[in-house]
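got a sequence here, can you model it:
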Amino acid sequence: MTGGQLHLGVIMDPIDSIHPEKDTTLLLLEAAQRVGFRLSYFEISDIYAKNNGVWGRGRPLRVSERKDRFFEFDGDPEPLLLTDLSVLLMRKDPPVDLEYGYVTLLLALAEQAGLWILNSPRALLNTNEKLAILAFPDLAPPTLVTRSMAQLLEFIDLHGQAVLKPLDGMGGSRIFVTSSDDLNRHVIVETLTAEGSRYIMAQRFIPEIREGDKRILLIDGIPIPFALARIPKTGESRGNLARGGTPRGVPLTERDREICATVGSRLVQQGLAFVGLDVIGNYLTEINVTSPTCARELETAYDLDIGGQIMRRIIEVLKTRRSTSIDTSPRTSL
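Residues are numbered from 1 along each chain as shown. Next up is the predicted model:
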C-alpha cells in the first residue's frame, strides 16, 4: 500500500448493468467516496499476474447518487499493482465457476503479498454459499446433499414437502418446491441432477417462508439489528427480490441473534468480514459471502448508514496497519 490518499479497488460485474436503486456494491462505493477514498474499478477480465505480482487494468471511477447517471470513469484503464491499493472489495456475483476460481487464486497471491481483500479470496474459495450451512447442523433445517435420485425421492417422501436447489445458483434461480404427491417430482430430480450426474441440495420445506426469507447482514460477525424479510409474491414460494419478492424490514428475533452469535465469530476467523445470512423461520438456510446484498433496502427502511459504518471501520483498521510496522500480515476482517 502506497502513501497519500486512501485508494479502494472494487472487482464487480459490469457497472453499467447494475440496478443503482438497490445495488449494495454501489452503496459501498458511494460511502467510500464520501469519506475520501480514491476509487478504481475492475472486472475479473482486468486481473492478471506477471512475475512481479498481481495486477489489474484499473479505471478511475467516480460514483453519484443520481440514478440517471450514477457513475463515470475519470480516465483510461491503467495497469495497477494490486498491492498498491489500500483495500480491495471482491464483489463479483456468482456463479462461482472456473473463471471465478482462477481470479480468486490470483487474488490470494496478492493477499499473501499484503493486500487487504474483503472478503478474503481464500475464504471465498473454501465457502460454497449453499454448503456452508452444513457446518452448523443445529441451525439448519433437515438437509440432504447428493446426486442420487433415489435418495432425493426418499427425502421428499420422508418430509412430505421439500425444496430442491442447485449448489451454484443465486437470486432464486432453479429452485423447486415439490412434494410426495407431486407427479413432477421425478422429472424435477432428474433435471436438477442431470440424471444423477450433478450434486444438488434438498431441504425440508419451511412453511414460515410466507413470513419472509430474512436477509441478515453481518459486519465482522456483528449483525445489523434489523433484517430484510423478502415476502414471496402470490403464487410463489421464493422470496428473492429478483423473483418479485416484497421487501419488509423487521427487527431481529432472539433466534436470529442466536444464529448470528453462533455463526459470526467462525466466519470472521475464516476471513469473511461482510456476510449475508438467509434465515427462514428458525432456520439458517444459506450463507452469502460473494456479494451480500440488501444493504440499500435496510438503509432506506431504518435510516441506517451501513456503507458508512463499513468504511469508517476500514479506515480505523488501515490507520492501525500504517502505525504498526511489526504486523505486515494481510488483514481479512474489519
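
go ahead and confirm Tyr314 touches Leu85.
Check again: residue 314 is Ile, not Tyr. No - using C-beta atoms under 8 Å, Ile314 is not in contact with Leu85, being 11.8 Å away. (Glycine included, C-beta is placed from N, CA and C.)

what are the buried residues along the helix or strand bottoming out on mean pLDDT in the chain?
Taking mean pLDDT, DSSP states H and E as the measure, the chain has helix 306-323 as its least confident helix or strand, at a mean of 92. Using 16 or more other C-beta atoms under 10 Å as the burial criterion, the residues of helix 306-323 that qualify are 306-311, 314-315, 317-318, 321.

next one: stretch 132-143
Per 16+ other C-beta under 10 Å, stretch 132-143 contains these buried residues: 132-133, 139-141, 143.

and these, which two are the farthest apart?
Ala132 and Pro141 (14.3 Å; C-beta to C-beta).

got TSV for the buried residues of stretch 132-143, with secondary structure, distance to Gly276 and pLDDT too?
Output for these, formatted as TSV (DSSP: H, G, I helix; E, B strand; the rest coil; distance: C-beta to C-beta, whole Å; pLDDT from 0 to 100):
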residue	secondary structure	distance to Gly276	pLDDT
Ala132	helix	11	97
Ile133	helix	13	98
Leu139	coil	15	98
Ala140	coil	16	98
Pro141	coil	18	98
Thr143	strand	19	98
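
wait, which of those residues is closest to Arg210?
Nearest member of the buried residues of stretch 132-143 to Arg210, counting by C-beta to C-beta, is Pro141, at 15.4 Å.

all helices for the chain, in order.
For the chain, helices defined by DSSP state H occupy the ranges 24-34, 98-112, 121-126, 149-159, 185-193, 254-269, 295-302, 306-323.

and those, which is most packed in?
Most buried of the helices of the chain by mean neighbour count (mean count of other C-beta atoms under 10 Å) is helix 24-34; its value is a mean of 23.

sorry, back to before: okay, the buried residues of helix 306-323 in TSV with distance to Asn282 next?
Listed next are the buried residues of helix 306-323 as TSV, based on distance: C-beta to C-beta, whole Å:
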residue	distance to Asn282
Ile306	25
Gly307	30
Gly308	32
Gln309	28
Ile310	28
Met311	33
Ile314	33
Ile315	37
Val317	34
Leu318	39
Arg321	40
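
excluding chain neighbours, what is closest to Leu153?
The shortest distance from Leu153 to any non-neighbouring residue, by C-beta to C-beta, 6 or more residues apart in numbering, is to Val189 (6.1 Å).

repeat that for Leu85.
Spatial nearest neighbour of Leu85, chain neighbours left out: Gly9 (4.6 Å); criterion: C-beta to C-beta, 6+ apart.

circling back to that earlier point, looking at the helices of the chain, which is nearest to Ala49?
When these are compared (using C-beta to C-beta), the closest one is helix 98-112, at 5.3 Å.

what does that closest one contact?
Applying C-beta atoms under 8 Å, 6 or more residues apart in numbering, the external contacts of helix 98-112 come out as 11, 44, 47-49, 53-54, 82-83, 88, 90, 92, 94, 115, 117, 120-122, 124-125, 330, 332.

brilliant, that's me finished.
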